[in-house]
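> Only the shape, not the letters, is given here:
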Ligand SMILES: Cc1cc2nc3c(=O)[nH]c(=O)nc-3n(C[C@H](O)[C@H](O)[C@H](O)COP(=O)(O)OP(=O)(O)OC[C@H]3O[C@@H](n4cnc5c(N)ncnc54)[C@H](O)[C@@H]3O)c2cc1C
Ligand SMILES: Cc1cc2nc3c(=O)[nH]c(=O)nc-3n(C[C@H](O)[C@H](O)[C@H](O)COP(=O)(O)O)c2cc1C
Ligand code: SF4
């Protein structure tokens, strides 16, 4: 680790390291006020070693954003904000407030009025039409930014960050797609920059020279007809002349078709956008998006793509990531896996932000990390899936003597299987590291060891945590036991070969992932794509074909009218888009009645017909695995059933279950 933990100057601030926690609307506030939940959340990140923490977004006025966001639009919010900054300063972290105005992305139902924007162009994100800002609106909004900045100063912040990206107000002015004004604020690139520059100057003048001013810009809007990585450089270079001290460069707009933050985005995939801006400015540049690993972050800085790295979700997953890195405890870090299940999926529903891999997120004020057991017990955990692994790690950290038994060679349970899918690859290293952390905490792991009544009688544990997970639901129709029929789990475990034409029965989360996995068979991998591209071996169109068209013809059928139920809000649309890109045919409201040597007999619109295929894959859901539960209960005073063994849901719930069960031993 050579650069991430070297100091850097941003304006007059001397940051102890280059770890920046970027803004996240947490939805922990009641009517905009800082709560104990907010302060506990941020203090844990400051204690964990982040050099600069950007809190918010903070609404600057009544048009800016949703009810549950932090608010800096009035003096009455200052005492809470002062409590927050005071708490963070105790840990030698600098703290910035993000000044937030959503523009046309604000929802009228949340702000109680029609949103405002440079032009009255309906938002694809909210499906609402904003009102075109008058000159009076523009003047007032610039002043509101300045007043909010001045309040930030009084509340003890060291810096503010102006939100100028993602399709929010300032980026709407910058973009020719959303700015059709014919006055001095629209038309040429210079005119479209005018609003952002006025805001920057007003904020700078409200703060004076001692506080730093950062701006968050889209490295590329990724919007058809919008600003690209060329224009973002021009904006950054211009804004630098007007008092910006650092540039926080992220990806594109919320409504872009280019996925911005899912697991499918390769780690560090947008660092090149920061590199582009860095080539034209002299002030520090922050690279963002899916830089979840401090080693990668260090590399991004060392290679010269950026001066600092922005981590949002990585610090949800592990608030102590900076300190653990500095101390060389890399294996102890829990990396964000980009699933969005606890954070963005909650946030999009205005629910409090949580995290799949860190069940304490949002509960820092009430749930301690480690509670030493008053009476350490002998704990047996049955099952090495996410629930069992998390339970065993938590119990061992509390001081219990823990042994985990897994019947298979591989740990990770269903999440290990899920990790076979290209876009879900983070699940495997996550499971591997969780197992390693459990061992480091003292858990003894036995693989290839199925637990039955006899094992429990021999081991004589005080407590058993049964995390035996789920097993696939078998389809009860004629022909379901034919040789041409396999289960999705067997496909993902690479235990079987498939014919050319494949029908998958069931289009829930597993059916969709399995369809993508099969559709990708025979496509070229990333290295081959790069090789062919670098050597100009094939036309771009051919390369697209080669990476999107495999060797299988895949059809997914579903009884219900919804495909991908169970997939989070932030991810489902992208996955449906991928199915279409890979040429997977999706059919809903179809019921499979029989499997014959020719294919699947289905009923659609009351008509029976044959869907010809070579292989049938069943993805009809999961039920609790049959296990030794009842027999075990006779020999142990306390048996807790967790995860899918209790009720099949998902890895997110399984981890929470394991965590809670271990705490309650
Ligand atoms: C393809 C696929 C994609 C998925 N995608 C997601 C996703 O994106 N997000 C999400 O949150 N969830 C996802 N899930 C669901 C998630 O994987 C499960 O809900 C989760 O793994 C359940 O965890 P668990 O620990 O309770 O059980 P499991 O993961 O089923 O693990 C149970 C473990 O217990 C072992 N075991 C069983 N009986 C015994 C015994 N008697 N002795 C010893 N060991 C035993 C099993 O071998 C297994 O390793 C997906 C599942 C699949 C199949
Ligand atoms: C729950 C959640 C809320 C967010 N809210 C904001 C916000 O208010 N302002 C902002 O600029 N970015 C926001 N972001 C984006 C993050 O700052 C960050 O750019 C993004 O998550 C990608 O970086 P990461 O991979 O390090 O998480 C939010 C992200 C999440 C997950
Ligand atoms: S919920 Fe998933 S994406 Fe969000 S912070 Fe946690 S691991 Fe990362």
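Right, received. Where do you want to start? Here the structure is a predicted model, which is why all the values come from computation and not from measurement. Numbers count the residues shown, from 1 in each chain. Ligands and ions are numbered 1, 2, ... in the order given.

> Can you read off the backbone torsions of residue 556?
Main-chain torsions, residue 556, degrees, to the nearest 10: phi -110, psi 130.

> One more: residue 58?
Torsion angles, degrees, to the nearest 10, at residue 58: phi -110, psi 130.

> quick one, what contacts it?
Counting by Cβ atoms under 8 Å, 6 or more residues apart in numbering, residue 58 touches 69-72, 97-100, 148, 152. C-beta coordinates here come from the backbone N, C-alpha and C atoms, glycine included.

> same thing but at 10 Å, please
Counting by Cβ atoms under 10 Å, 6 or more residues apart in numbering, residue 58 makes contact with 23, 25, 29, 32, 34, 64-65, 69-73, 77, 81, 97-100, 148, 151-152, 155, 157, 160-161, 163.

> Isn't residue 113 up against residue 63?
Yes. Here residue 113 lies in contact with residue 63, judged by Cβ atoms under 10 Å, at a distance of 6.9 Å.

> From the contacts of residue 58, list just the buried residues.
Among the contacts of residue 58, the ones that count as buried by 16 or more other Cβ atoms under 10 Å are 23, 25, 29, 32, 34, 64-65, 69-73, 77, 81, 97-100, 148, 151-152, 155, 157, 160-161, 163.

> Get me the contact residues on the stretch 201-350 of the chain for ligand 2.
Counting by Cβ under 6 Å from any ligand atom, the residues of the stretch 201-350 of the chain close to ligand 2 are 216, 250, 261, 288-290, 311-314, 343-344, 347.

> how does it look with 8 Å?
Selection of the stretch 201-350 of the chain residues close to ligand 2 by Cβ under 8 Å from any ligand atom yields 216, 248, 250-251, 260-261, 288-292, 310-316, 336, 338, 340, 343-344, 346-347.

> still on that earlier bit, in terms of neighbours, single out the busier of residue 113 and residue 63.
Remark: of residue 113 and residue 63, residue 63 carries more neighbours, 26 against 11, as counted by other Cβ atoms under 10 Å.

> And the more buried one, what's its pLDDT?
At residue 63, the model reports a pLDDT of 97.

> What of residue 111?
We note a pLDDT of 94 for residue 111 in this prediction.

> And residue 328, by the same measure?
If you check residue 328, the pLDDT there is 95.

> Now, the contacts of residue 58 that are in helices?
With DSSP state H as the criterion, helices contain 81, 148, 151-152 from among those.

> and which of those residues is nearest ligand 1?
Nearest to ligand 1 out of these is residue 81 (Cβ to the nearest ligand atom; 35.2 Å).

> now the nearest residue in space to that closest one that is not next to it in sequence: how far from residue 273?
Spatial nearest neighbour of residue 81, chain neighbours left out: residue 155 (3.6 Å); criterion: Cβ to Cβ, 6 or more residues apart in numbering. Taking Cβ to Cβ, to the nearest Å as the measure, residue 155 falls 31 Å from residue 273.

> And for residue 419?
In terms of Cβ to Cβ, residue 419 sits 28 Å off from residue 273.

> higher neighbour count, the two?
residue 273 (28 against 21).

> for the residue nearest to the more buried one when sequence neighbours are not counted, what are its contacts?
Spatially, and ignoring its direct neighbours in sequence, residue 273 is nearest to residue 219 (2.3 Å; Cβ to Cβ, 6+ apart). Counting by Cβ under 10 Å, 6+ apart, residue 219 touches 165, 227-229, 232-233, 236, 247, 249-252, 270-277, 285, 287-289.

> What residue spans form the domains of this structure?
Domain segmentation of the chain under automatic domain parsing yields 8-348, 378-470+624-663, 474-620.

> got the contact list for the residue at minimal distance from the centre of the chain?
Centroid-nearest residue in the chain: residue 340, 3.1 Å away (criterion: Cα atoms, centre = their mean). Contacts for residue 340 (Cβ under 10 Å, 6+ apart) come out as 261-263, 313, 346-348, 355-356, 568-571.

> switch the cut-off to 8 Å
Contact partners of residue 340, counting by Cβ under 8 Å, 6+ apart, are 261-263, 568, 570-571.

> quick revisit: just the ones of the residues of the stretch 201-350 of the chain next to ligand 2 in helices?
If you go by DSSP H, these have 313-316, 344, 346-347 in helices.

> Which members of the contacts of residue 58 are positioned in strands?
Per DSSP state E, strands hold the following members of the contacts of residue 58: 70-71, 97-100, 160-161, 163.

> Show me the two of the contacts of residue 340 that sit farthest apart.
261 and 568 (11.8 Å; Cβ to Cβ).

> Just after the lowest-mean-pLDDT helix or strand in the chain, pick out the following helix or strand.
None of the helices or strands of the chain scores lower by mean pLDDT, DSSP states H and E than helix 629-633, at a mean of 84. Per DSSP states H and E, the first helix or strand lying C-terminal to helix 629-633 is strand 638-641.

> That following strand - what's its average pLDDT?
Averaged across strand 638-641, pLDDT comes to 95.

> For residue 527, pull up the helix or strand it's in.
Using DSSP H and E, residue 527 falls within helix 526-534.

> go on, residue 388?
Per DSSP H and E: helix 386-397 holds residue 388.

> How far away from the center of its chain is the helix or strand following that helix?
Next helix or strand after helix 386-397 toward the C-terminus (DSSP H and E): strand 401-405. Strand 401-405 has its C-alpha centroid displaced from the chain centroid by 31 Å (Cα atoms, centre = their mean, to the nearest Å).

> Output the contacting helices and strands for strand 401-405.
When contacts are defined as 3 or more Cβ pairs under 8 Å, 6 or more residues apart in numbering; DSSP states H and E, strand 401-405 sits against strand 378-382, helix 386-397, strand 444-446.

> mind checking which of these is nearest residue 496?
Across the helices and strands packed on strand 401-405, residue 496 has its closest neighbour in helix 386-397 (24.6 Å, Cβ to Cβ).

> just the angle between that closest one and strand 378-382, please?
Per axes from the mean of the first three to the mean of the last three Cα atoms, to 10 degrees, the angle that helix 386-397 makes with strand 378-382 is 170 degrees.
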